[in-house]
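Visitor: give me a model of this one.
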Amino acid sequence: MLMPVHSPNRVSLLLICMALLFGLVLSGCSDEEEAQHVSAQPGERTLVLGAYSVVKDAMKEIIPAFQAEWKQQTGETIHFQESYEASGTQARAIAGGFEADVTLLAMEGDIDKLVRGGLVDAEWTVQPYGGMITRSIVVLGTREGNPKGIRDFEDLTRLTLRCSTLIRKHPAVRSGISMRSMAQV
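Guide: Numbers count the residues shown, from 1 in each chain. This next block holds a predicted model:
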């Protein structure tokens, strides 16, 4: 069964992931020099978030919930400076010197650039949830009546099917593309 985008379970999962991610980031902010970089005033912190643009709407709900949870657990007020760009653009900015405390990127290749630059731990995939904050939903559509009996992706590997990928600019994704695959049966 598919979950709606804003289901309570999905929001809870995202909150847990963000809390773990931010907790890991904040645990590294303990020496005096670093603390001055992230602290506006005693009892306050500012984190710089560099994320891919698609998560911006979700972060409008996640960040305030995280701020409230952090305040309750630590007594600290946490502020965010947010930057949203296409995943590749964000990765290049960070690799080029944009000092993000936390980054959320859409493509593994973009994260790999930061690993090669020594900015992200090479073991990022062993973190909870494999280092991922979301899972994409893929839908298979068939002709009316499903004449070829397609039930799953394995069925698409049959030699009697021809598959093609259509790429088009998606209006909701700034500087990005969306891909749609179609089986011609």
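Visitor: all helices for the chain, in order.
Guide: 8-27, 32-38, 56-74, 87-95, 108-116 (DSSP state H).
Visitor: which of those has the lowest average pLDDT?
Guide: Mean pLDDT per stretch puts helix 32-38 lowest among those, at a mean of 44.
Visitor: from Thr77, how far off is the residue lying closest to Phe98 once chain neighbours are set aside?
Guide: Spatial nearest neighbour of Phe98, chain neighbours left out: Gly50 (6.1 Å); criterion: Cβ to Cβ, 6 or more residues apart in numbering. Placement of C-beta: from N, CA and C, glycine included. Per Cβ to Cβ, to the nearest Å, Gly50 is found 21 Å from Thr77.
Visitor: and these two? Which one has more around it.
Guide: Higher neighbour count among Gly50 and Thr77: Gly50, with 22 against 14, using other Cβ atoms under 10 Å.
Visitor: ok, now which ones touch the more buried one?
Guide: With contact set as Cβ atoms under 8 Å, 6 or more residues apart in numbering, Gly50 has these partners: 83, 85, 90, 93-94, 98, 100, 102-104.
Visitor: mind doing that once more with 7 Å?
Guide: Counting by Cβ atoms under 7 Å, 6 or more residues apart in numbering, Gly50 touches 83, 90, 93-94, 98, 100, 103.
Visitor: likewise for Glu82?
Guide: Applying Cβ under 7 Å, 6+ apart, the residues near Glu82 are 49, 59.
Visitor: where does it land on pLDDT?
Guide: Confidence at Glu82, expressed as pLDDT, is 96.
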